[in-house]
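Colleague: Next input, structure requested:
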Amino acid sequence: MDIRRLKSFIVIVDSGSITRAADLLHIAQPALSQQLAALEEHFGQKLLIRSQQGVSMTDAGHAVYRHAQIILRQMEQAQADASAAGNSLAGRVSVGLVPFSSAATLSVDLLAETRKRHPGILLHLTESVGQTYSQMIMNGRLEMALLHGTGPIKGVRFEPILSEEFFLVAHRDFAIDADAKPVAVNALDGIPMLLPPAYNFVRRAVDTAFTRTRTNLKVVAEVEIVRTLGRAVGDGLGATIMPKAIADRIVSESSEPLICRLVSPRIEETLSLCVSDQNPLSEPALAVRDILLELTARLKD
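Modeller: A predicted model of the protein is given here:
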């Protein structure tokens with residue numbers, strides 16, 4: 001098996017088009033098509049379906065894509081281990097940190113600690129709102145992720161780390177008292193809210209709380225960027241309900257007088273460390289995992 005064919009296959013899938021993949025790989029399209037044909041001949045299966053919209057994977061294609069990611073990562077790790085033999089840990093480690101959570105506040109610390117302890121590790125961090133981290137782990141695109149939820153999901157293993165409580169953040173113009181007591185969800189009936197889209201775990205938790213208390217949730221905008229969300233709340237365009245780490249960040253970065261109160265009934269989500277239950281972590285990945293667990297332990301304190 002020519003490793004280059006696996007690399008080409010991954011690029012075709014990720015780019016969604018053989019034409020775009022050929023441009024990215026700087027090879028002629030007919031040559032790339034030949035590589036794909038050779039790969040399909042090797043596995044005896046059709047791997048991709050072509051259409052005017054691009055390419056899509058067959059069931060066999062999904063399986064090959066997942067294994068190709070793992071094989072290439074192992075090849076990279078083998079190269080890194082050989083180069084660093086007798087020296088410090090080296091290699092590439094991919095970590096997903098779910099946005100709108102305590103995990104998103106750890107990125108800089110994780111990068112700094114990894115560089116300090118293991119300068120040979122190339123850390124790849126992502127905070128994506130449009131991709132499912134558990135699926136990326138199963139496909140071999142990520143080795144681990146901090147995300148909301150406890151599973152179960154076939155192919156990955158969840159290790160609950162901490163529970164995040166949600167807080168209301170609002171401009172004082174909304175006439176919400178600056179009280180140490182929790183604010184009742186039903187007291188927020190009809191207040192304009194700025195929240196992530198419906199597929200987001202934070203949004204789903206808020207939706208559930210309002211539904212259970214039969215309270216009208218008035219979402220006036222869906223925002224996926226924390227900085228934009230904070231500025232909008234500071235400008236009085238709406239209130240929001242966020243995990244404590246994000247709520248604290250919005251308050252600390254705002255020059256406006258903001259109210260930050262716990263919500264009742266309590267809204268909370270579990271933050272878990274997610275890894276593959278089929279592919280063991282490499283030595284560099286285990287080292288990064290240890291650092292990540294140390295950093296999350298500080299959040300509990």
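
Colleague: which residues of this protein fall in helices?
Modeller: Secondary structure of the chain (DSSP state H): helices at 3-15, 18-25, 29-43, 59-83, 107-117, 133-138, 201-212, 226-234, 244-253, 283-300.

Colleague: Phe71: neighbouring residues, count only.
Modeller: Wrong residue type there; residue 71 is Ile, not Phe. Neighbour count of Ile71, defined by other C-beta atoms under 10 Å: 16. In this view, the C-beta of every residue, glycine as well, is placed from N, C-alpha and C.

Colleague: Can you tell me how far it is from His124?
Modeller: Here Ile71 is placed at a distance of 18 Å from His124 (C-beta to C-beta, to the nearest Å).

Colleague: Kindly report the domain assignment for the chain.
Modeller: Using the TED database, the domain ranges for the chain come out as 3-66, 67-161+271-299, 163-269.

Colleague: export those domains to a markdown table and tack on mean pLDDT?
Modeller: Below are those laid out as a markdown table (pLDDT from 0 to 100):
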| stretch | mean pLDDT |
| --- | --- |
| domain 3-66 | 89 |
| domain 67-161+271-299 | 87 |
| domain 163-269 | 92 |
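
Colleague: all strands in the stretch 51-200 of the chain, in order from the N-terminus.
Modeller: Using DSSP state E, counting those that start in this stretch, the strands of the stretch 51-200 of the chain run over residues 54-57, 91-97, 121-126, 144-148, 156-171, 183-184, 192-195.

Colleague: Same list, those, but as TSV with distance to Leu299 please.
Modeller: Putting the strands of the stretch 51-200 of the chain into TSV (distance: least, C-beta to C-beta, whole Å) gives the following:
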stretch	distance to Leu299
strand 54-57	38
strand 91-97	12
strand 121-126	17
strand 144-148	10
strand 156-171	6
strand 183-184	23
strand 192-195	23
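
Colleague: Among those strands, which comes closest to Arg204?
Modeller: strand 144-148 (9.0 Å; C-beta to C-beta).

Colleague: Using PDB, write out every CA atom in that closest one.
Modeller: This file holds the C-alpha atoms of strand 144-148, laid out as PDB (Å, rounded to 0.1, in the frame of the first residue of the first chain):
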ATOM      1  CA  MET A 144      -9.100  13.600  22.500                       C
ATOM      2  CA  ALA A 145     -11.600  16.300  23.300                       C
ATOM      3  CA  LEU A 146     -13.200  18.100  26.200                       C
ATOM      4  CA  LEU A 147     -16.900  18.200  25.500                       C
ATOM      5  CA  HIS A 148     -20.300  18.400  27.100                       C
END
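
Colleague: And for that strand, what's in contact with it?
Modeller: Strand 144-148 is contacted from outside by 94-98, 101, 103, 106, 133-134, 136-137, 161, 164, 201-202, 269-275, 281, 285, 288-289, 292, 296, using C-beta atoms under 8 Å, 6 or more residues apart in numbering.

Colleague: Only whichever of those residues are buried, select them in ChimeraX.
Modeller: The ChimeraX selection below is limited to those of these classed as buried (16 or more other C-beta atoms under 10 Å):
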select :94,95,96,97,98,101,103,106,133,134,136,137,161,164,201,202,269,271,272,273,274,275,285,288,289,292,296
